[in-house]
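# Need a 3D model of the sequence below.
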Amino acid sequence: MIDQEKLEKVLKRLELQYANYQHAQDRPELTEIDREAIAESVIQRFETAYDTLWKDLKRHLIDALGLPDVPNSPKPILKLAGENDLLPAPVATWLSYADARTATAHDYSGEKAAETLLIVEAFIRDAIGLYQTLTGKTWA
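Predicted coordinates:
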């Protein structure tokens, strides 16, 4: 059985920090730099969760499903997962998460970061759904 403990941990941290981000505007004691740091933390946690997720998904395809020749990059793995009915959202949605992950790693202007923040809530929901599929556990 594949150990999904790290995935669970990073998803819970993303979920908590995203909730913190959503309420940051309601906290007058926070400075603008504090709010920016919280947003940057959400993006970093999104990146970590996304990276952990696709790597665990790769292990699942190999170890649990016994698929040969599983590629070593996220988009082909996501497509393969879609073909095997593992994804709780359409493959196109998951590919948009992959694009957001790539964009945040290569764009420091803030525009891509802002776009990523708009999809984090949906990513969390879909990532939790995938976690439940991979583990058979209910999200707590």
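# For N20, what are phi and psi?
When quoted as degrees, to the nearest 10, the phi and psi of N20 stand at phi -60, psi -40.
# middle-most residue in the protein, spatially?
Y50 (3.4 Å; C-alpha atoms, centre = their mean).
# V120 is in contact with that one, correct?
No. Y50 is beyond contact range of V120, at 10.2 Å (criterion: C-beta atoms under 8 Å). Yep, even glycine has a C-beta here, placed from its N, CA and C like the rest.
# Point out where the protein drops to low pLDDT.
1, 107-109 (pLDDT under 70).
# Which element, helix or strand, includes the nearest residue to the residue nearest to the centre of the chain once chain neighbours are set aside?
In this structure, Y50 finds its nearest non-sequential neighbour in R101, 4.7 Å apart by C-beta to C-beta, 6 or more residues apart in numbering. Following DSSP states H and E, one finds R101 within helix 91-106.
# Return the set of buried residues in the helix or strand just after that helix.
Scanning forward in sequence from helix 91-106 by DSSP H and E, the next helix or strand is helix 111-135. Neighbour-count burial for helix 111-135 flags 112-113, 116-117, 119-120, 123-124, 126-128, 130-131, 133-135 (criterion: 16 or more other C-beta atoms under 10 Å).
# on that earlier part again, taking helix 111-135 as reference, get the angle to the helix holding R101.
Relative orientation of helix 91-106 versus helix 111-135 (axes from the mean of the first three to the mean of the last three C-alpha atoms, to 10 degrees): 130 degrees.
# Show me which residues of helix 91-106 are buried.
For helix 91-106, the neighbour count (16+ other C-beta under 10 Å) marks 93-94, 97-98, 100-101, 104 as buried.
# of those residues, closest to I62?
Checking those against I62 with C-beta to C-beta, the nearest one is W94 at 18.4 Å.
# and the gap between the closest residue to the closest one other than its chain neighbours and G136?
Nearest non-adjacent residue to W94, counting by C-beta to C-beta, 6+ apart: L78, 4.5 Å away. Distance from L78 to G136, counting by C-beta to C-beta, to the nearest Å: 21 Å.
# If we only consider the buried residues of helix 91-106, which is nearest to Q17?
Within these, proximity to Q17 (C-beta to C-beta) peaks at T104, which comes in at 14.8 Å.
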